[in-house]
Structures are given as C-alpha cells and as structure tokens.
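Colleague: give the three-dimensional model of this entry:
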Amino acid sequence: MKATVRNILVGTAFLIGLGGASSTPSLQDVSQITDSRDGQTYKTVRIGGKEWFAENLTYDMPNSYFYQNQKLKSKGRLYTWEAAQKACPEGWHLPTDEEWQELEVALGMSADEAKDIGYRGTDQAKQLKVKGSSGMNLPLGGFRHTDGSFGGAGENGYYWTATADPHTAGTAFRRSINAAEDKVYRTNHEVTYAYSCRCVKD
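Modeller: Sure, this is the predicted structure:
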C-alpha cells in the first residue's frame, strides 16, 4: 500500500543554518506524510534537495521497541538494523551513510570531513537536534541493547544508516547526537542493537 503524501507548505519558510558555510542558505519546505499502514502522520523537511522525515518513525514491527517499553511518539521506536531497513513506508527508505553525509554537507560540514570517523563538523548536531535550525528535530531517544536493556535517553540519540561496514562483519554505520556536543558522531556498531530510524524519500 502506498503512503499518502500531502505537500503542504507550512507558514513562512525559514533558513537552514549552515555552520559557517559561505554559500547562501536555501529555503526549507516543511510538509507531511501519512503512513497508510497505520495512519500515523509525520512532518517532513527538505534539506539539500532531499525530503526527510522530521520525526522519528513509530511503525510497529518485529524487532522494534519503545524505550523502556513506554509509548512515546515524540521519541519514536527503536529498531534493529535489519528491522530498520524494512520499516519505512513505500516510497521512502532508510538513508544510506552517503545520504547522511549529504545532509551534513548541506548543513555546512565539509565533504572531506563528512567521511571521517568520530566527531566531525562544527555545529551540525546543534542544527539537527530538537528545536535546531535544520528542522530535523532529532530527539535524544537512547538505544536498546542486545540483552534487552535500555540506556542513553536524554543524553544521546542514535540513528541507523542503511550501510553495512564492509570491514567489520555484523556492523553498520550509524550517527549519534550527544546532548553536550555540537558535532555529529559517525561510527559503526553491532546490528543487533536497536536505534532510532529516520526515512528519506526515494
């Protein structure tokens, strides 16, 4: 079943903060999508020529969990990597590591630094956090450990990419946003952990 997309320009467009980049900031379109599978509606935002979910996915499926099993739509569900690859509605997909890099570059990170491991950039995490200038509003939703325990909520937000690490079996690339850090952290991690999920339009 196809997700129904309504492209609604909400109010006055606002500017993306570019973290010191010299190019002129582009206008940001805010829209919304209704997932026909469960009727959930999500805000979306267009950055760097791509349309992204501006809220964490909450679609209920095997190997997905609410943090501490408490239903909070504002933080979304946590998905294992395998589940995350199947979780987005039709017409949308889990972003690749390269698409995350494109997003970071659109927010002012250099293309070379975007490929690095660890903390990179200047203030891209600040832009991406809830109430940040990008409109992505990434909450610090924590994670679910392989053993079923939870941690990190309010301190870190972890987001899967669709890209497996070819050098380390059983891992895939992720992004993490820390409450006390303005830079974005890029690394790989075990695919059995459950992290937040954003979707990007095909």
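Colleague: so K73 makes contact with T58?
Modeller: Yes: at 5.5 Å, K73 and T58 qualify as touching, with contact defined as CB atoms under 8 Å. For glycine as for every other residue, the C-beta is placed from the backbone atoms N, C-alpha and C.
Colleague: now do the helices in the protein.
Modeller: 81-87, 97-106, 111-114, 124-128 (DSSP state H).
Colleague: need those helices in a markdown table (columns: mean pLDDT).
Modeller: A markdown table is the format used below for the helices of the chain (pLDDT from 0 to 100):
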| stretch | mean pLDDT |
| --- | --- |
| helix 81-87 | 98 |
| helix 97-106 | 98 |
| helix 111-114 | 98 |
| helix 124-128 | 98 |
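Colleague: so which of those is the most packed in?
Modeller: Of all the helices of the chain, helix 124-128 has the most neighbours on average by mean count of other CB atoms under 10 Å, namely a mean of 25.
Colleague: packing partners for it?
Modeller: Other elements packing on helix 124-128 under the criterion 3 or more CB pairs under 8 Å, 6 or more residues apart in numbering; DSSP states H and E are strand 171-178, strand 184-190.
Colleague: contacts for it?
Modeller: When contacts are defined by CB atoms under 8 Å, 6 or more residues apart in numbering, helix 124-128 is touched by residues 16-17, 19, 104, 107-109, 132-134, 136, 138, 177-178, 181-185.
Colleague: higher neighbour count, K73 and T58?
Modeller: Legend: neighbour count by other CB atoms under 10 Å for K73 and T58, higher for T58 (20 against 12).
Colleague: quick check: the gap between that one and R37.
Modeller: Noted for T58: a distance of 11 Å to R37, by CB to CB, to the nearest Å.
Colleague: re the thing from before, the contacts of helix 124-128, buried ones only, as a ChimeraX selection?
Modeller: A single ChimeraX command is used to select the members of the contacts of helix 124-128 judged buried by 16 or more other CB atoms under 10 Å:
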select :16,17,19,104,107,108,109,132,133,134,136,138,177,178,182,183,184,185
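Colleague: what's the neighbour count on K115?
Modeller: With other CB under 10 Å as criterion, K115 counts 12.
Colleague: burial measure for G151, as a count.
Modeller: There are 12 residues near G151, going by other CB under 10 Å.
Colleague: surely it is in contact with G141?
Modeller: No: when contacts are counted by CB under 8 Å, G151 is not listed as touching G141 (11.0 Å).
Colleague: quick revisit: deepest in the core, which of the helices and strands packed on helix 124-128 is it.
Modeller: strand 171-178 (a mean of 23).
Colleague: what is the rounded mean pLDDT of it?
Modeller: Per-residue pLDDT values over strand 171-178 give a mean of 98.
Colleague: just list whatever residues bridge to T80.
Modeller: Beta-bridge partners for T80, by DSSP bridges, are A194.
Colleague: now do F143
Modeller: Under the criterion used (DSSP bridges), F143 bridges to G151.
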